[in-house]
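A.B. asks: Give me a 3D structure for the following:
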Amino acid sequence: MRKYVGAPPRGPQRNGRNILVGIIAWILIGLIAGAIAKALTPGKDPGGCLVTMLIGIAGGLLGGWLGKVILGVHSINGFFSLSTWIAAIVGSVIVLLLYRVVTGRSR
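C.D. replies: Take a look at the predicted model:
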């Protein structure tokens, strides 16, 4: 029997496999969220499909991390959860806008 100093941990115990599955889920969500973010933000992007996928993955991971840090929610509530998709799309829009700022200055 384990003894905890202070309050016991809340929620289910997260092992390495659960964390890996969460990251893979955010990558898959990020691929789709990147395409949605590109459709939502008007303007020409200096990049093709591969850049959009990478931006979506980075944005999905950023959205998941921000949701965990700011709102205190688990990294993924469920693949079909509205909050999961909103976090991924918002993160993708943020990364896309940052990408536009960085590449716009270099040209």
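
A.B. asks: Roughly how far does residue 50 sit from residue 56?
C.D. replies: Residue 50 is 11 Å from residue 56, where distance means C-beta to C-beta, to the nearest Å. Every C-beta, even on glycine, is put in place using the N, C-alpha and C of the backbone.

A.B. asks: Who has more neighbours out of the two?
C.D. replies: With neighbours defined as other C-beta atoms under 10 Å, residue 50 and residue 56 compare such that residue 56 has more, 28 against 8.

A.B. asks: so who does the closest residue to that one other than its chain neighbours touch?
C.D. replies: If you skip the residues right next to it in sequence, residue 56 has residue 34 as its closest partner in space, 1.8 Å away by C-beta to C-beta, 6 or more residues apart in numbering. Shown here is residue 34, whose contacts under the criterion C-beta atoms under 8 Å, 6 or more residues apart in numbering are 52, 53, 54, 55, 56, 57, 59, 60, 92, 96.

A.B. asks: among those, which are in helices?
C.D. replies: 52, 53, 54, 55, 56, 57, 59, 60, 92, 96 (DSSP state H).

A.B. asks: just curious, which of these is nearest to residue 21?
C.D. replies: Proximity to residue 21 was ranked across the ones in helices among the contacts of residue 34 by C-beta to C-beta; first place goes to residue 60, at 14.3 Å.

A.B. asks: Once you drop chain neighbours, what's closest to the closest one?
C.D. replies: Once its chain neighbours are removed from consideration, residue 60 has its nearest residue in residue 30; the separation is 2.4 Å (C-beta to C-beta, 6+ apart).

A.B. asks: Using the three-state scheme, assign that neighbour.
C.D. replies: Under DSSP: H, G, I helix; E, B strand; the rest coil, the three-state class of residue 30 is helix.

A.B. asks: Tell me how many other residues surround it.
C.D. replies: Residue neighbour count, defined by other C-beta under 10 Å, stands at 28 for residue 30.

A.B. asks: That one and residue 54: what is the separation?
C.D. replies: As for residue 30, its distance to residue 54 is 9 Å (criterion: C-beta to C-beta).

A.B. asks: what's the answer for residue 96, then?
C.D. replies: Using C-beta to C-beta, one obtains 11 Å as the distance from residue 96 to residue 54.
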